[in-house]
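Engineer: Sequence first, then the predicted structure:
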Amino acid sequence: MNYREDLEIKLQKVTLAMQEVVEDIYITDHEKQRIISKLIEFKEAIILKGIELNIELEAA
């Protein structure tokens, strides 16, 4: 697996996790905001790493 594939897989996982949090009716709004904020930070870090490595990622 190369860097591009690895970063794209991580980006997909974070995006799916964000969708799961939004769809989970048992998580309070405050908890959702906290979790999604953290996931957005991870997603941005992945995208920035792709830019740093000069890899064009297909953001989901």
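Structural biologist: In hand now; what should we look at?

Engineer: Just give me the residue closest to the centre of the chain.
Structural biologist: Centroid check for the chain by C-alpha atoms, centre = their mean gives Val14 as the closest residue, at 2.9 Å.

Engineer: which SSE is the nearest residue to Lys43 once chain neighbours are set aside in?
Structural biologist: Counting by C-beta to C-beta, 6 or more residues apart in numbering, Lys43 lies nearest to Val14, which is 4.7 Å off, once chain neighbours are set aside. Every residue, glycine included, has its C-beta placed from N, CA and C. Val14 is part of helix 3-23 when elements are defined by DSSP states H and E.

Engineer: tell me which strands and helices that helix is in contact with?
Structural biologist: helix 29-52 (3 or more C-beta pairs under 8 Å, 6 or more residues apart in numbering; DSSP states H and E).

Engineer: average pLDDT for the helix it packs on?
Structural biologist: The average pLDDT within helix 29-52 is 92.

Engineer: how would you label the residue in the chain sticking out farthest from the centre: helix, strand or coil?
Structural biologist: Seen from the C-alpha centroid of the chain, the residue lying at the greatest distance (C-alpha atoms, centre = their mean) is Tyr26, 21.3 Å away. Recorded secondary structure, Tyr26: coil (DSSP: H, G, I helix; E, B strand; the rest coil).

Engineer: Repeat that for Asn54.
Structural biologist: Under three-state DSSP, Asn54 comes out as coil.

Engineer: Compute the number of surrounding residues for it.
Structural biologist: 8 (other C-beta atoms under 10 Å).

Engineer: list the buried ones in stretch 26-39?
Structural biologist: Neighbour counts over stretch 26-39 (16 or more other C-beta atoms under 10 Å) mark Ile27, Ile35, Ile36, Leu39 as buried.

Engineer: Excluding chain neighbours, give the residue nearest to the first one in space.
Structural biologist: This points to Ile27. Val21 (6.3 Å).
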